[in-house]
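Student: here is my input, please return the structure:
(chains A and B)
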Amino acid sequence: MIQNLPIFIVIIPLVTVFLIPLVGLWKRDYCFYISALSITLLFSISVFLLNLSINVIHYHIGGWEPPWGIEYVVDPLSAFMILLITFITLLVILYSKKSVSKELPNSIVEFYTVFMLLITGLLGIVITGDIFNMYVFLEIASLSAYALIAVGGKRDALLASFNYLIIGSIAACFILLGIGFLYMVTGSLNMADLSVILPKAYASYPRVVLTAIIFFIVGLSIKIALFPLHTWLPNAYTHAPSVVSAELAALMTKVGAYVMIRILSIFGISILGDIPIADILSWVAAVAIIIGSINAIAQTDIKRMLAYSSVSQIGYIVLGIGLANQTGLTGGILHILNHAFMKGCLFLAVGAIIYKTGIRNINEFQGLGRKMPYTMLAFSIAALSMIGIPPLCGFFSKWYLALGSVESGKWIFALVILLSSLLNAGYFLRVLEKAWFGKSIHEGVDEVPGSMLIPTLILAIGCILLGIFVTIPVSFINSILSISKLGWT
Amino acid sequence: MLMELMLRYNYWISVVLMLIGFYTMISKKNFIKKIIGMNIFQTAIFLLYISMADIEGRSAPIIISETGYVNPLPHVLILTAIVVSVSTTAVALSLIMKIYKEYGSIEEDKILEVHS
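Tutor: As a prediction, the model looks like this:
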């Protein structure tokens, strides 16, 4: 039974995808319960998998041995990502009941169907050990994301989604090309197998392998919205329904960062050491951090501000990858976790505000703190955590990133992190100041229903707990780095 | 030099097709043309995969052959990739349909005019 657990991680949401339209024919409200049930089941399995992952679990689909068959691998890094995905999704699904029935009253069934397909894709990406399978799941997740952004049918959302689709397809084509080049020189698609064969292949065909690296880096940079390739992200997050913004911002780009870590690990230090790819990534990330924050300051639409803030936060994660030392990578992976909590909480809180008042302009936030105290409290905790005020969790990932920069002798990145914290403070404190100290201009606004409030508050409490008990995730990340062979360190 | 180019003509054809597709995708203002470009780009990649599977003098991977077979795996991969490509096209076309209903046009510059 335990040996077969990995396949359930993909089977359960996939079966749910087919069940939802059938149940939806009968009773539309039940779609929510089916999705919630399925995610709860996944969450309990993933807790179980996290405990087992210390001894890496291999599952061979259809009994085909790797490298011929597709293999699912649960090592600490993928178990960590699975737990993160299922936990955040569980909260988002709870939140979605009220939010979706107000925002998308006519497409509840469609929403839950595509939403579960998105979860299938995200979970598939992190669990598979086969690089082509990873591409297919990446496309499943991306296609569902395009559809989910457009599901409301608002005109801006349609354009944002189409734009995302074009840019995302270019990225997918690049990744497919990269896989093709790797297959050309190695004849294998299994990631563990590839990492063994590649150093030899690199000795005979250096140019093909380098071209593959470049295609992967550019393709994945588009998927995770790294700075010069981030143009799809602000519109997509701004115009998507609240639940979708929260889910995409918290998880989609994080899973992209996971793929980047995995792909770079395939190549390993022996190949990556030959080219200045780590330096390029960390410099681009540094620019992303600053430009993202500056753009965020210029916005008046709260969701667009958070979207630009995401661009800058992606910079942190990539900086952690690019620093190429143990401490930096710890900071990067820790930031994947922390940012998922913080950004999830912020988008859910903003969704709650939009649900009650329809306000998106920051200047109209005056006095909301007194009208919706718990929502704004959650928003404030997450915002302070984003700025990096100890003991909230955002401080610690920045701390590890700064330590990593100093360790590798690149002081300038520590300065970049400091500067960006100040910029973060600039755009978040202006919202907090309006909300808590402004004169109230909203009559008859009160707190959102409990099913929306509780997930937001849980994420906010998570931000505090992950900060106070930071040693728990850090020690787990240390075991990730020692067990999952990550090529950088 | 020319001989070397000629020897690998299959790769050159797919690279040229790829560039045509990529250029169409980023330069054309018409949404349908963008999608056509996307399809050309994807098909060019499929060609690259299929042509790298080929081994000179071998036949199709059917078990009765005595000459040995070409590599069948890329063909299977491409079947999957074709499914991905078709679904991307389907999503894109349905989005274009909705955009046309909302804006009354599928030309990017006209839509941006209506938008502002």
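
Student: distance from the chain centre to stretch A:457-465, please.
Tutor: 17 Å (C-alpha atoms, centre = their mean, to the nearest Å).

Student: quick one: mean pLDDT for it?
Tutor: Across stretch A:457-465, pLDDT averages out at 90.

Student: so A:Tyr59, which of the three states?
Tutor: strand (DSSP: H, G, I helix; E, B strand; the rest coil).

Student: my read: it touches A:Tyr72, true?
Tutor: Yes. Counting by C-beta atoms under 8 Å, A:Tyr59 touches A:Tyr72, with 4.2 Å between them. The C-beta positions use only the backbone N, C-alpha and C, and glycine is treated the same way.

Student: quick one: low-confidence ranges for chain A?
Tutor: For chain A, the stretches flagged by pLDDT under 70 are A:1, A:485-489.

Student: show me what from it comes close to chain B.
Tutor: A:132, A:135-136, A:139, A:143, A:146-147, A:150, A:153, A:155, A:158-159, A:161-162, A:165-166, A:169-170, A:172-173, A:176-177, A:180, A:183-184, A:187, A:189 (C-beta under 8 Å from any C-beta of the partner chain).

Student: which neighbours do A:Tyr59 and A:Tyr72 have in common?
Tutor: Taking C-beta atoms under 8 Å, 6 or more residues apart in numbering or on different chains as the criterion, A:Tyr59 and A:Tyr72 both touch A:Pro6, A:Ile7.

Student: the nearest residue in space to A:Tyr316 that is not next to it in sequence: which element?
Tutor: With sequence-adjacent residues excluded and distances taken as C-beta to C-beta, 6 or more residues apart in numbering or on different chains, A:Tyr316 is closest to A:His335, at 5.0 Å. Taking DSSP states H and E as the definition, A:His335 sits inside helix A:326-357.

Student: give me the neighbour count for residue 61.
Tutor: Let's take chain A. Neighbour count for A:Ile61, taken as other C-beta atoms under 10 Å in any protein chain shown: 16.

Student: meant chain B actually
Tutor: B:Pro61: 15 neighbours (other C-beta under 10 Å).

Student: the closest residue to A:Leu334 other than its chain neighbours: what secondary structure?
Tutor: Distances taken as C-beta to C-beta, 6+ apart put A:Ser397 closest to A:Leu334, at 4.4 Å, once the chain neighbours are dropped. Following three-state DSSP, A:Ser397 is assigned to helix.

Student: any idea how far A:Ser397 is from chain B?
Tutor: For A:Ser397, the distance to chain B (C-beta to the nearest C-beta, to the nearest Å) stands at 34 Å.

Student: which residues sit in contact with that residue?
Tutor: Taking C-beta under 8 Å, 6+ apart as the test, what A:Ser397 contacts is A:Tyr316, A:Gly320, A:Gly331, A:Gly332, A:Leu334, A:His335, A:Asn338, A:His339.

Student: how near is the nearest residue to A:Val56 once chain neighbours are set aside to A:Gly168?
Tutor: Distances taken as C-beta to C-beta, 6+ apart place A:Asp75 nearest to A:Val56, at 4.5 Å, with adjacent residues excluded. Distance, A:Asp75 to A:Gly168, using C-beta to C-beta, to the nearest Å: 28 Å.

Student: looking at the two, which one has more neighbours?
Tutor: A:Gly168 (23 against 20).

Student: got a list of what that one touches?
Tutor: A:Gly168 neighbours (C-beta under 8 Å, 6+ apart): A:Ser142, A:Ala145, A:Tyr146, A:Ile222, A:Lys223, A:Trp232.

Student: distance-wise, check it relative to A:Ile131.
Tutor: 19 Å.

Student: same check, this time on A:Leu264
Tutor: Relative to A:Ile131, and taking C-beta to C-beta, A:Leu264 is found at 13 Å.

Student: for A:Ala286, see how far away A:Phe419 is.
Tutor: Careful, residue A:419 is Leu and not Phe. Counting by C-beta to C-beta, the gap from A:Leu419 to A:Ala286 is 10 Å.

Student: more neighbours: which of the two?
Tutor: A:Ala286 (25 against 14).

Student: right, and that one touches A:Ala414 too?
Tutor: No. Look at A:Ala286 against A:Ala414 with C-beta under 8 Å: they stay out of range, at 10.5 Å.

Student: quick one: average pLDDT of the helix or strand hosting B:Phe41?
Tutor: Assigned by DSSP H and E, B:Phe41 belongs to helix B:31-53. Across helix B:31-53, pLDDT averages out at 91.

Student: surely A:Leu118 is in a helix?
Tutor: Yes. Counting by three-state DSSP, A:Leu118 is part of a helix.

Student: can you tell me the closest non-neighbouring residue to it?
Tutor: Nearest to A:Leu118 is A:Ser144, by C-beta to C-beta, 6+ apart, at 3.8 Å.

Student: buried ones in the helix holding B:Phe41, by neighbour count?
Tutor: Buried residues in helix B:31-53, counted by 16 or more other C-beta atoms under 10 Å in any protein chain shown: B:31, B:34-50, B:52-53.

Student: what do you get for stretch A:280-292?
Tutor: A:Leu281, A:Ser282, A:Trp283, A:Val284, A:Ala285, A:Ala286, A:Ala288, A:Ile289, A:Ile290, A:Ile291, A:Gly292.

Student: TSV for those residues, including distance to A:Ser101 and secondary structure?
Tutor: Below are those laid out as TSV (distance: C-beta to C-beta, whole Å; DSSP: H, G, I helix; E, B strand; the rest coil):
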residue	distance to A:Ser101	secondary structure
A:Leu281	43	helix
A:Ser282	45	helix
A:Trp283	46	helix
A:Val284	42	helix
A:Ala285	40	helix
A:Ala286	43	helix
A:Ala288	37	helix
A:Ile289	38	helix
A:Ile290	41	helix
A:Ile291	38	helix
A:Gly292	33	helix
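
Student: quick one: which of these is nearest A:Ile271?
Tutor: A:Leu281 (14.7 Å; C-beta to C-beta).

Student: the nearest residue to that closest one once chain neighbours are set aside: what secondary structure?
Tutor: With sequence-adjacent residues excluded and distances taken as C-beta to C-beta, 6+ apart, A:Leu281 is closest to A:Gly322, at 3.5 Å. Following three-state DSSP, A:Gly322 is assigned to helix.

Student: which residues sit in contact with A:Gly322?
Tutor: Counted by C-beta under 8 Å, 6+ apart, A:Gly322 has contacts A:Ala278, A:Asp279, A:Ile280, A:Leu281, A:Ser282, A:Trp283, A:Val284, A:Ala285, A:Gly328.
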